[in-house]
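Novice: What would the 3D arrangement of this be:
(chains A and B)
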Amino acid sequence: MSLMSEVGQKAFNLGVPLAVHMDVTYRCNERCVHCYLDHDDHGEMTTAEIKDVLDQLAEAGVFFITFSGGEVLMRRDFFEIVEYARRLMFNVKIKTNAVMIHEEEARRIRELGVDTIQISVYSHRPEVHDAITKLPHSFERTVKAIRFLREQGLRVTIANVLMTVNSSDHSGVQELAAELGVQYTLDPTITPMMDGDMSVLSLRIPGEELNEIFRNPALVANQEEFCAPPKPPSAEDLEGYSCSAGHSFCYISPYGDVFPCVQFPLPTGNIRQQKFLDIWNFSPQMKEVRSIQAKDLTVCSSCSHVGSCTRCPGLAYMEGSMRGPSTADCEKSFYRTGIPTANMLKQGLSKPRTMSGNTPLIQIRPVAVPA
Amino acid sequence: MPETCIYIARSSAIAARALAGEMMVMNSADSTFFTLNPVATAIFQAADGRTPLRDIVRDRVCEQFDVDPEQAQADAEQFVAELSGHGILLVSSQPLASETP
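Specialist: Coordinates of the predicted model:
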């Protein structure tokens, strides 16, 4: 086990929020076709409020903080926020589309000691990328920004969200990443919109294409192990938890709402009304999330994949129950191994049904804050 | 021959946080990650650039931990040299301003 994994496990066992994802705004200068956010400002936290939250997070033991959005640079105070976070000695990561990053911003990011900048690139073809972001010349601006960041010696990761409209472009983006000297990650997850609109799910790539991705040696290093049939679950597997959400990780929205994860829209409290640690330690919802072990899962506890599945409790919650299955992860387990999941067998399916529009969903909404 | 004073300060390039009494430290320049034991944590926390290392060892280490002073000083100097090599601590024979981002 690496030192980082050991520390992660220690924080998990102690219930210390080691990492927080904070969206500082939902406003954005792009209008990506798959984006789940409402880009209007419904009352973002002020600079002072965010600094107060950062003070609280440092006191709570948070080490890793990811600033994301919306587009983080839509906030004029963004560098002030990052500078404050760095003075509190957080490890800072930034997620951005980078179109507002020029030489000056790149230099500032380096001076502030930011760890990593994750940038969305959808295609190596400008016309495809720009059609997804709906911002003309965004590809050109984003790639230029990546070069500025690299000139400063910063670590950059290209995040390539894969959907129907760019499904054939991942190898091109991977080559572009190599040319730019940056890391590459691929994500086939498309999330329903905040208002519950599920039409964007039609952009999810079909399961058969997942099958190809899982067997692409350029994307999956150890395919034999990755695609191996699941081992019979052990007692330890059944005592295990799904992920770090609510255990050592949480998400804070621009309005101060605290959730177990960015992909787990279970409201647990608002930081404008309560101290962060009160929410983290005493929220009944956080406690419930923390209590769920694999043996408590309604369908998955009897599934052969239970020990190796990437089941997301947030996606399961959006489907109706945080103890239930996450269809998207059932699909991944099936296409990875060829073995049907308990959830599929229960429904009499030998292959996953298409996921678009078949699940009742709850999404993140701002919690009403009294004036 | 007068003893040389060593001053130590934390680099502005690092991230750090205590977890159950042990300090996690990461250098953003190269992502090297360390955890410091309680003695090393005490030295790291006292690295303000103004207090000589020998005073830190005397006041923060020997006072709080059951250690031999000479051994503690030697261990502290080795620890400081190691973290300095990774860009975590700045070392000087003159007082240093603590770096801030």
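Novice: Spell out which parts of chain A neighbour chain B.
Specialist: Contact residues, chain A versus chain B (CB under 8 Å from any CB of the partner chain): A:3-4, A:7, A:10-11, A:14, A:16, A:18, A:58, A:61-64, A:83, A:86-87, A:89-92, A:111-115, A:153, A:155. Placement of C-beta: from N, CA and C, glycine included.
Novice: Nearest the middle, which residue of chain B would you pick?
Specialist: residue B:44 (3.6 Å; CA atoms, centre = their mean).
Novice: which SS state does that residue fall under?
Specialist: Assigned with DSSP: H, G, I helix; E, B strand; the rest coil, residue B:44 falls in the helix class.
Novice: Can you give me the neighbour number for residue 41?
Specialist: All of this is about chain A. Residue A:41: 13 surrounding residues under other CB atoms under 10 Å in any protein chain shown.
Novice: Please refer instead to chain B.
Specialist: Neighbour count of residue B:41, defined by other CB under 10 Å: 19.
Novice: which ones are touching the residue nearest to the centre of chain B?
Specialist: Residues in contact with residue B:44 (CB atoms under 8 Å, 6 or more residues apart in numbering or on different chains) are B:10, B:16, B:23, B:25, B:36, B:83, B:89.
Novice: Which ones among those residues lie within strands?
Specialist: Those of those mapping onto strands are B:10, B:16, B:23, B:25, B:36, B:89, per DSSP state E.
Novice: and the third one, how many neighbours?
Specialist: Going back to what we said before, that points to residue B:23. Residue B:23 sits with 19 neighbouring residues when counted by other CB under 10 Å.
Novice: hang on, isn't it packed against residue B:39?
Specialist: No: when contacts are counted by CB atoms under 8 Å, residue B:23 is not listed as touching residue B:39 (10.8 Å).
Novice: Tell me the secondary structure at residue A:153.
Specialist: Taking three-state DSSP, the label given to residue A:153 is coil.
Novice: Now name the helix or strand holding the nearest residue to it once chain neighbours are set aside.
Specialist: Spatially, and ignoring its direct neighbours in sequence, residue A:153 is nearest to residue A:110 (6.7 Å; CB to CB, 6 or more residues apart in numbering or on different chains). Using DSSP states H and E, residue A:110 sits in helix A:103-111.
Novice: Likewise for residue A:176?
Specialist: Taking DSSP H and E as the definition, one finds residue A:176 inside helix A:170-180.
Novice: Ramachandran coordinates for residue A:188?
Specialist: phi -90, psi 20 (degrees, to the nearest 10).
Novice: ok but residue B:51 is inside a helix, no?
Specialist: No: assigned with three-state DSSP, residue B:51 falls outside any helix and is strand.
Novice: That one against residue B:7, yeah?
Specialist: Yes: using CB under 8 Å, residue B:51 makes contact with residue B:7 at a distance of 7.5 Å.
Novice: Now do residue 44, the pLDDT please.
Specialist: Defaulting to chain A. As predicted, residue A:44 sits at a pLDDT of 97.
Novice: my bad, the chain I had in mind was chain B
Specialist: Model confidence at residue B:44 (pLDDT) stands at 94.
Novice: Residue A:67 - how many residues pack around it?
Specialist: Residue A:67 has 24 neighbours, counted by other CB under 10 Å.
Novice: Confirm it sits in a strand?
Specialist: Yes: counting by three-state DSSP, residue A:67 is found in a strand.
Novice: give me every residue that touches it.
Specialist: Going by CB under 8 Å, 6+ apart, residue A:67 touches A:22, A:23, A:24, A:78, A:81, A:82, A:85, A:92, A:93, A:94, A:95.
Novice: Try it again at 6 Å.
Specialist: By CB atoms under 6 Å, 6 or more residues apart in numbering or on different chains, the contact list for residue A:67 reads A:22, A:24, A:94.
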